[in-house]
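Student: attaching a predicted model along with its sequence, questions to come.
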Amino acid sequence: MDAKTETLLPAGQLARDNPVRFPNESPEYRAARTALLAEEIELRRHLERVSAQRRTLPPGGEVRGDYRFEGEEGEVGFAGLFGDKPTLAIYSYMFGPERDRPCPLCTNLLGGFEGNAADIDQRLSLVLVARSPIARLTAWKQERGWKNLRLYTDLNSAYSRDYFGLLPDGSEVPAFNVFTRRDGTIRHFWSGEMSGSTADPGQDPRGAPDLAPLWNVLDTTPEGRGKDWYPKLDY
């Protein structure tokens, strides 16, 4: 624990000192809300500790595979996905040639990415990789009204296989991987490894934090996420 963390005021104290009060709330509500606020402060602090720990990961494996992609401006190698940025984030989109339509859950998540893509691009290169032909991907991009997301076809599926967007049995799974380019060497930095094998009983696989705005908003409601509702491509 560093010195900065050691000097933090207790979460319970911050919660008790919180001046917010809402019209007509009961003492019972305020007591329960204060207890919850303390937990939310602790959660925020834990997320920051996890992020700090993530940033101190040792160098990951060097990227050496025969990875070839096609984007809206033509074919590129792996290095070409970085553009002029030192960091690259790739989302493996479940939209292979065997699918009539892409995964609704992936599409919902990427809708949130679309709204932030221009801002994210100021700091790193964010791309989507799928196995459908680029013409199909761009047609879908146009249908969704996406303007800022950059889509690429995995021309030989090698990247998808090596970085867990495509399982050995041929099934697709979502994957989010981050890579770095330092001193001319490209390395894997981090991947969201929380999958079905790490899910708790009664829960769908999810990362922490969850990258999808949908679920974060639903988590603030009395109904929560529910147990059998999922977004669709259209309503």
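Tutor: Everything's here; your move.
Student: report all helices and strands that the strand or helix carrying Leu126 contacts.
Tutor: Leu126 is located in strand 125-130, with elements delineated by DSSP states H and E. Contact here means 3 or more C-beta pairs under 8 Å, 6 or more residues apart in numbering; DSSP states H and E; on that basis strand 125-130 packs against strand 87-92, helix 104-120, strand 151-154. From N, CA and C alone the C-beta is placed, and that goes for glycine too.
Student: tell me how far it lies from the chain's centre.
Tutor: In terms of C-alpha atoms, centre = their mean, to the nearest Å, the gap separating the centre of strand 125-130 from the centre of its chain is 12 Å.
Student: which secondary structure element of the protein has the lowest mean pLDDT?
Tutor: The weakest-scoring helix or strand in the chain, judged by mean pLDDT, DSSP states H and E, is helix 3-6 (a mean of 54).
Student: okay, now the domains of this structure?
Tutor: By the assignment in automatic domain parsing, the chain contains the domains 1-15+27-49, 81-235.
Student: can you give me how far the helix or strand that the strand holding Leu126 is followed by is from the chain middle?
Tutor: Using DSSP H and E, the helix or strand that follows strand 125-130 towards the C-terminus is helix 134-144. With C-alpha atoms, centre = their mean as the basis, helix 134-144 stands 21 Å off its chain's centre.
Student: and helix 134-144 with strand 125-130, angle?
Tutor: Here helix 134-144 points in a direction 110 degrees away from that of strand 125-130 (axes from the mean of the first three to the mean of the last three C-alpha atoms, to 10 degrees).
Student: which strands border the strand holding Leu126, and is each parallel or antiparallel?
Tutor: Strand 125-130 has these partner strands in its sheet, going by DSSP bridges: strand 87-92 (parallel), strand 151-154 (parallel).
Student: ok, residues contacting the first one?
Tutor: Defining contact as C-beta atoms under 8 Å, 6 or more residues apart in numbering, one finds that strand 87-92 is touched by 81-82, 106, 109-110, 113, 120, 123-130, 159-160, 163-166, 172-181, 189.
Student: which other helices and strands does the helix or strand just after the least confident helix or strand of the chain contact?
Tutor: Following helix 3-6 in sequence order, the next helix or strand is helix 11-17 (DSSP H and E). Identification of packing neighbours for helix 11-17 by 3+ C-beta pairs under 8 Å, 6+ apart yields helix 27-55.
Student: show me what contacts the most centrally placed residue in the chain?
Tutor: Of all residues in the chain, the one closest to the mean position by C-alpha atoms, centre = their mean is Leu211, 3.9 Å from it. For Leu211, the contact set (C-beta under 8 Å, 6+ apart) comprises 109, 112, 176, 192.
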